Each structure stands twice: as C-alpha cells, then as structure tokens.
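# here is my input; please provide its structure:
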Amino acid sequence: MGREKFSSRLGFILISAGCAIGLGNVWRFPYIVGQYGGALFVFIYLIFLVILGAPIMTMEFAVGRASQKSCVKAFGKLLPQKKIWEKIGYFQAAGNYVLMMFYTTVGGWMISYFFKMISGDFQGITPTQVADIFSQSLQDPFLQIFWMIIVVLLAFGICSLGLQNGVEKITKIMMSSLFIIIIILVVRAITLPHAMEGLSFYLVPHFEVIEKYGLLEIIFAAMGQAFFTLSLGIGAIAIFGSYINKDRRLFGETVSVCVLDTFVAIMSGLIVFPACFAFGVNPESGPGLVFITLPSIFNEMWLGQFWGCLFFIFMSFAALSTIIAVFENIISFGMDLFHWSRKKSVMIHLILILVLSLPCALGFNVLNFIQPLGVGTTIQDLEDFLVTYNFLPLGSLAYLIFCTSRYGWGFKNFLGEVNTGKGISFPKWTYCYLKYILPLIIIFIFVQGYWSFFFS
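Prediction:
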C-alpha cells in the first residue's frame, strides 16, 4: 500500500501551519513584544523568522518529501550507509513524545476553560477569585487527568479517521474557524475604550527599551521566539513533507506557513493589548495572562461570556491543531518502523501517550513534591525545558548538517529536492550561510538557553 497523500495543497499548508501555530503564539508572543519594545521587537523577530526559521523548515519538508518517511526512518532512507543518522532520527522522534507529555495537559486547560466560560463560572467574581479557580483546578488530580484524557481521545480519534478524512478535513475546519474567530476578536478588542493606548504600546517602536535591556538582549529574545515558534527540529513538520507530491517547490510552501504563523501571533497581540489597556490591566507573562487576566477582562466586557467562549475556542483550536499534527507524526513512527496499520498504531500510542501524560497532569497536585529544576518547579517545567532547550535546537542543527554537509545528504541533493516543481526557488547563494553561520547561531541559542535558564 502506497503512502497516503493530502488531497489538496491548502490542506498541506493549513496542517503545517496548525503544527507551527501553538499556544506560544498566543500567550508568549504578545508578552515578549510588550516587554521588548513593541514594533521594534516585531521587526527584528520577522528578520529572524526569515533567516532562521524558514531555511530549517524547508529542510524538514525536503527530507520528508525525498524519503517519504517520518523522522525515525527519513535520514536512514536517504543515507543508509551512515547509521549515525538513523540514531539522530530516533532522538528527534523522542522529542515528539516529550512534547506531548505536557502539551496534552495544557490543551486540556483550554477546553476546560471554554466550558467554564459557557457555564458562567467567571461571572460576577473578582480577579482574585478567577486566580483561585485556576489554582484549584491545578490542585485537582481528577480534573487534570479528565481533561487530558478528553484531549488525547479527541486528537487520536481524528487521526484514526485517516490523513485525508480525519487530519486534513478536521484541521481545515479548525484552522479556517481559528482565522475567522481571531479576526472577530481583534475587531472587538480594537473597538474597546482606550484600545488605542494598547495599540500604540504594541505597534509603535519604543526605542527607550534599548537603554533598559540593551539591543543584544532584545535581539536574543527575538531570535529565540522566531526559532521556537515554528516547532522545528523534531520532525513534526517533516512528516507533512512526506505526504505531498513534487509539483510545488518547497520554499514557497515554507513562506506560506511562516506567514500564517506570524499572522496569528501578531493578531493575538491585537486582541491582548487593547483588552488589557481598556481595563487597566498590566499584560503579564505565561499562563496567568490567559487563565487569570483575560477571564477577568471578559467579565467586565459587554457580552463578555460570548467573547470569552470565542477566545477559548480559538485557544483550544491552536492547541489541538498542534497536538493532532504531532500525533500524526507519532502514529507514523509505528507505521514506518513496525509496519503497523494506522488503527493499530493509534491504539498502541493512545495508551502510551495517556500513560506518559500522567506525570505532568499529576505534577501540580499528587506529585507536586517532585521539583526537578529547583524549588517551585514542576514536572511540566522539566518536560518543557527538555523540548525547548534541547530537542528543538539540537534537532534543527541535525537537519542543517544533514542538508549542507558531505557527511550527510549534501547541499546538492537538498537543492535538487527543494527546487523540484513550480514556485519560489531556494537560493543557491545561501550555502555558506547555512553551512557555517546558521549552525553557530543555533549553537549560540542552545548555550544561551542553558545560561538564561540556570544562571540568569
């Protein structure tokens, strides 16, 4: 039986974008933009998206399409004589499992908050009481496991329907809805009183932050966000390359995915900042922004329950699109390695992911005595650290070396694959940059990640 294929180019682009568009676009991007100077940061971020993210994404697509395999087999198929590359493929595959060990729980938070919004749990309560609801839900092991199971069953259920009938069809609906919802929410946010203050905070360059943080720190932050936003290095994107035919050049497809990813990130800021300024709230970092600040804002807004429901549908779709994409990759491991049927791979991985997700779900309550990275840290912090600071940069470095070095596939083979079809060509003149400069940038991001995590 031949490899499944997408039914349309639109399906491929939306699913690849769905994989890249995750919760980091929504809660991390607006906060970092606000901290590091609004439009100044966005401009630097976009430069790094082009010079850092786009080449590696194109390499993932190329390796996937040339090999017609997931990352566990892709390197070995293209270079069977060098066994080290197959081992690197297994390392990248492990990154998918670790990512899902905590992302399934966070996805559960989004869906649970949608139902909290519908049932009116936040109506007429203070921001402190909203914060209490979040901390109480974390401390309830039954609730944490229940919503995690819902997410896992939902996403594997969609994957079990097949590539075209499940993954492609449902993701098209989710991503199209996500774009419509985000535009509706942006219109609502920018028409709030004092929204213009939020927009100027977000969209006008604030050069005084250079004095506060230094230009280097702003550049590092933009570099990190551009790198991590696309989920590169673990083969989660490469799998979709293996599902497309050769009628389009791959660099153009990468550009489409990057544009959609950036659109969602920038639009998220257009929702968050006007809303925060309209209600005199300081936009803060991390889960607090989504689970405490925004529900309090919706509480004060006319038709707030409706806008809150829309927002958490949007957040649930952002989380689920990533989970479905990574599950599709994980399912393909079983199909490629052991020649399992799709249904068998779904069933085995369903049980495996449920078990692997338990430590994170229980890490806030029953297992909260486990503080792997120091006092106050959780199991989720460790899993996130492993993916963000290890699997993504080291996996991306592997793609770079594989596609530019004579010890790998080589630049000539990469260019031949990437420039097959019609569309935008991948430029040959980038060779020296990709072979010598970009690996150094990624090594720098890797070292900087450890430095900032443990010493800053």
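# how many residues are close by Ala94?
16 (other CB atoms under 10 Å). Just so you know, the C-beta spots here come from the backbone N, C-alpha and C atoms, and that holds for glycine as well.
# also Ile370?
Neighbours of Ile370 (other CB under 10 Å): 13.
# what's near enough to touch the closest residue to it other than its chain neighbours?
Closest residue to Ile370 apart from its sequence neighbours, by CB to CB, 6 or more residues apart in numbering: Ile379 at 5.8 Å. Going by CB atoms under 8 Å, 6 or more residues apart in numbering, Ile379 touches 102, 359-360, 362-363, 367, 370, 372.
# over to Gly252?
With contact set as CB under 8 Å, 6+ apart, Gly252 has these partners: 423-424.
# thought Ile271 was touching Phe311?
Yes: assessed by CB atoms under 8 Å, Ile271 is found in contact with Phe311 at 7.5 Å.
# now do the shared contacts for the two.
Shared contacts of Ile271 and Phe311 (CB under 8 Å, 6+ apart): Leu185.
# neighbour count: those two, which is higher?
Between Ile271 and Phe311, counted using other CB under 10 Å, Phe311 has the larger neighbour count: 29 against 24.
# now for Ser316: which residues touch it?
Contacts of Ser316 (CB under 8 Å, 6+ apart): 107, 110-111, 114.
# quick one: low-confidence ranges for the protein?
1, 283-287 (pLDDT under 70).
# same thing but at 80, please
Residue ranges of the chain with pLDDT under 80: 1-2, 24, 26-28, 31, 34, 37, 281-289, 456.
# for it, which segments are assigned as strands?
Using DSSP state E, the chain contains no strands.
# how about the contacts made by the spatially most central residue of it?
Central residue of the chain (CA atoms, centre = their mean): Gly22, 3.6 Å from the mean position. Going by CB under 8 Å, 6+ apart, Gly22 touches 103, 229, 231, 318-319, 321-322.
# what do you get for Tyr202?
Neighbouring residues of Tyr202 by CB under 8 Å, 6+ apart: 30, 33-34, 38-39, 269-270, 273.
# same deal with Lys73?
Neighbour list for Lys73: 67, 86, 89, 336-337 [criterion: CB under 8 Å, 6+ apart].
# what would those residues look like in JSON lines with distance to Leu440 and neighbour count?
Shown next, in JSON lines, are those (distance: CB to CB, whole Å; neighbours: other CB atoms under 10 Å):
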{"residue": "Ser67", "distance to Leu440": "27", "neighbour count": "23"}
{"residue": "Glu86", "distance to Leu440": "26", "neighbour count": "16"}
{"residue": "Gly89", "distance to Leu440": "24", "neighbour count": "28"}
{"residue": "Asp336", "distance to Leu440": "33", "neighbour count": "24"}
{"residue": "Leu337", "distance to Leu440": "34", "neighbour count": "15"}
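# so which of those are in helices?
Those of the contacts of Lys73 mapping onto helices are 67, 86, 89, 336-337, per DSSP state H.
# re earlier: what does the residue nearest to the centre of the chain show for phi and psi?
Backbone geometry at Gly22, expressed as degrees, to the nearest 10, gives phi -130, psi -160.
# same check, this time on Thr191
Torsion angles, degrees, to the nearest 10, at Thr191: phi -100, psi 10.
# nearest spatial neighbour of Leu354, chain-adjacent residues omitted?
Residue nearest to Leu354 in three dimensions, not counting chain neighbours: Val152, with 5.7 Å by CB to CB, 6+ apart.
# one more: Phe364?
Leu138 (4.1 Å).
# and the one you found, how close does it get to Asn365?
Distance, Leu138 to Asn365, by CB to CB, to the nearest Å: 7 Å.
# which one of these two has more residues nearby?
Leu138 (20 against 16).
# can I assume Pro141 is in contact with Ala361?
Yes: with contact defined as CB under 8 Å, Pro141 and Ala361 form a contacting pair (7.2 Å).
# between the two, which one's more packed in?
Neighbours per residue, other CB under 10 Å: of Pro141 and Ala361, the larger number sits with Ala361, 28 against 16.
# how close does the more buried one get to Ile118?
When distance is defined by CB to CB, Ala361 is 23 Å away from Ile118.
# ok, now which ones touch the closest residue to Phe41 other than its chain neighbours?
Nearest non-adjacent residue to Phe41, counting by CB to CB, 6+ apart: Val33, 5.2 Å away. Neighbour list for Val33: 41-42, 45, 202, 269 [criterion: CB under 8 Å, 6+ apart].
# any chance of those residues in JSON lines, plus distance to Glu417?
JSON lines is the format used below for these (distance: CB to CB, whole Å):
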{"residue": "Phe41", "distance to Glu417": "35"}
{"residue": "Val42", "distance to Glu417": "33"}
{"residue": "Tyr45", "distance to Glu417": "29"}
{"residue": "Tyr202", "distance to Glu417": "40"}
{"residue": "Gly269", "distance to Glu417": "36"}
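# the residues you listed in helices, which ones?
Per DSSP H, these map to helices at 41-42, 45, 202, 269.
# tell me how far Ile331 lies from Gly166.
Distance from Ile331 to Gly166, by CB to CB: 10 Å.
# shared neighbours, these two?
Counting by CB under 8 Å, 6+ apart, the contacts common to Ile331 and Gly166 are Cys159.
# of these two, who's got more company?
For Ile331 and Gly166, the more surrounded residue by other CB under 10 Å is Ile331, and the numbers stand at 26 against 20.
# surely the more buried one meets Arg342?
Yes: counting by CB under 8 Å, Ile331 touches Arg342, with 6.5 Å between them.
# so for those two, which residues contact both of them?
Listed as contacting both Ile331 and Arg342 by CB under 8 Å, 6+ apart are Cys159.
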